[in-house]
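Student: with the input below, show me the fold.
(one chain, ligands or ions: 1)
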Amino acid sequence: MEERNENIATDICIVGAGPVGLFAVFEAGLLKMRCHVIDALPQVGGQLSEIYPHKPIYDIPGYPQILGQELVDRLMEQVDPFRPGFTLGERVETINRNDDDSLTVITSEHTTVKCKVLVIAGGLGCFEPRKPAIDGLSEFEGKGVAYMVRNPESLRGRNVVLAGGGDSALDWAIFLADIAAKVTLVHRGDTFRGSPDSAGKVFELAKAGRIDLRLHANVTALHGDGHLQELSIHTHQLPLIRIAADHFIPLFGLTPKLGPIADWGLNISQSAISVNVADYSTNADRIYAIGDINTYPGKLKLILCGFHEAALAMQSAFKHVYPDEKLSFKYTTVYGINAF
Ligand SMILES: Cc1cc2nc3c(=O)[nH]c(=O)nc-3n(C[C@H](O)[C@H](O)[C@H](O)COP(=O)(O)OP(=O)(O)OC[C@H]3O[C@@H](n4cnc5c(N)ncnc54)[C@H](O)[C@@H]3O)c2cc1C
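Tutor: Sure thing, here's the model as predicted:
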């Protein structure tokens, strides 16, 4: 599903593949507007997939209870007829306005998306990794140190050291035990915050010699010449040891930061974008902000409120995509879903 393309042209570019960005694709599709969605995370779903995939949500109309990931899967099913494009794992850095008033969005990996309308559904902003305080850590970023597993295949046959005690560290240790040459999991305690099932599996794999589990331990230094080669681990009982490592992936969670959105010339109030509640447009022509990223009197950061905002914003965006057509409101029960 992930698409990487240097130059993309579309009707609507959506920054953020959270639930609200995804539902905007559906609302745009009903009005025959094509969308391209960009997200800094390697997967769609925003907070639901990243923070609480297994937590039930009780306030989605029509679902007395639905898990976070299940709602994301349903939204993906719902947008499928409209064939949206996705660029994942890339952060939108810059927005430029073109002579014809269209916009060009540029990502961290230099993908460009030219669009008639920009919808910012950036939630709480970009999730940035919590980095452990290890001297020289940044020196090895991209040279063996990463804070997310974007492409597990790139770790096949490699010597991987993970650090952390949550679900990400446990799940990746279990997964990589099958494909990496060696997996070491370094954790500062001896109990895990992640799911007891996953923790049990990690202890079993350690007993079977398939994970090198280092408890009450911390990575204290990295060594290498141009690329990571070894790291030092400090434990309570043992003297400092050095072990070989091609990759070091500290998984200490993510914190949201508004990031580059703050630099796009939009009216920002309390780390959110001020919008006109008539259509959730911003102070910049052709730019809308919906979901958790926007603010207005009475704003509630709820998924269902974001869905409503998406519907109104897309009705308003129609005039920029089809300036010569008049929009008449239609129910989906009457006209159905006309796929692209
Ligand atoms: C633990 C928890 C429980 C919750 N429970 C509920 C509940 O029961 N009911 C409810 O209605 N709400 C709940 N919420 C709130 C709900 O998750 C949010 O309202 C919802 O996720 C907002 O959706 P969104 O699409 O606006 O943003 P998000 O889900 O935050 O998605 C935004 C996306 O934008 C991306 N992004 C940001 N900036 C950029 C950029 N510059 N470039 C590229 N990508 C970018 C981010 O990576 C992210 O994936 C809960 C939240 C939490 C944390």
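
Student: please give me every residue in contact with the residue nearest to Phe192 when sequence neighbours are not counted.
Tutor: In space, and not counting its chain neighbours, Phe192 is closest to Ala199: 4.1 Å by C-beta to C-beta, 6 or more residues apart in numbering. The C-beta positions use only the backbone N, C-alpha and C, and glycine is treated the same way. By C-beta atoms under 8 Å, 6 or more residues apart in numbering, the contact set of Ala199 is 170, 191-192.

Student: which of the residues you listed tops the neighbour count?
Tutor: Leu170 (26 neighbours; other C-beta atoms under 10 Å).

Student: phi, psi of that one?
Tutor: Torsion angles at Leu170 (phi, psi; degrees, to the nearest 10) stand at phi -70, psi -50.

Student: just the mean pLDDT for the strand or helix carrying the residue nearest to Phe192, thanks.
Tutor: Counting by DSSP states H and E, the element that carries Ala199 is helix 196-207. Mean pLDDT, helix 196-207: 96.

Student: other residues contacting the helix or strand that comes right after it?
Tutor: Following helix 196-207 in sequence order, the next helix or strand is strand 212-214 (DSSP H and E). With C-beta under 8 Å, 6+ apart as the test, strand 212-214 has contacts from 182-187, 202-203, 206, 233, 235, 243.

Student: let's see that with 7 Å instead.
Tutor: 182-186, 202, 206, 233, 235 (C-beta atoms under 7 Å, 6 or more residues apart in numbering).

Student: make a PyMOL selection of the buried ones in those residues.
Tutor: To isolate the buried members of these in PyMOL, using 16 or more other C-beta atoms under 10 Å:
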select buried, resi 182+183+184+185+186+202+206+233
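
Student: for the helix holding Ala199, C-alpha coordinates in PDB please.
Tutor: The C-alpha trace of helix 196-207 is given here as PDB (Å, rounded to 0.1, in the frame of the first residue of the first chain):
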ATOM      1  CA  PRO A 196       2.400 -10.100  30.200                       C
ATOM      2  CA  ASP A 197       2.000 -12.500  27.200                       C
ATOM      3  CA  SER A 198       4.800 -10.800  25.300                       C
ATOM      4  CA  ALA A 199       7.000 -10.600  28.400                       C
ATOM      5  CA  GLY A 200       6.500 -14.400  29.000                       C
ATOM      6  CA  LYS A 201       7.500 -15.100  25.400                       C
ATOM      7  CA  VAL A 202      10.700 -13.100  25.700                       C
ATOM      8  CA  PHE A 203      11.700 -14.900  28.900                       C
ATOM      9  CA  GLU A 204      11.000 -18.300  27.100                       C
ATOM     10  CA  LEU A 205      13.100 -17.200  24.000                       C
ATOM     11  CA  ALA A 206      15.900 -16.100  26.400                       C
ATOM     12  CA  LYS A 207      15.800 -19.400  28.100                       C
END
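
Student: buried residues in it?
Tutor: For helix 196-207, by 16+ other C-beta under 10 Å, it's 198-199, 201-202, 205-206.
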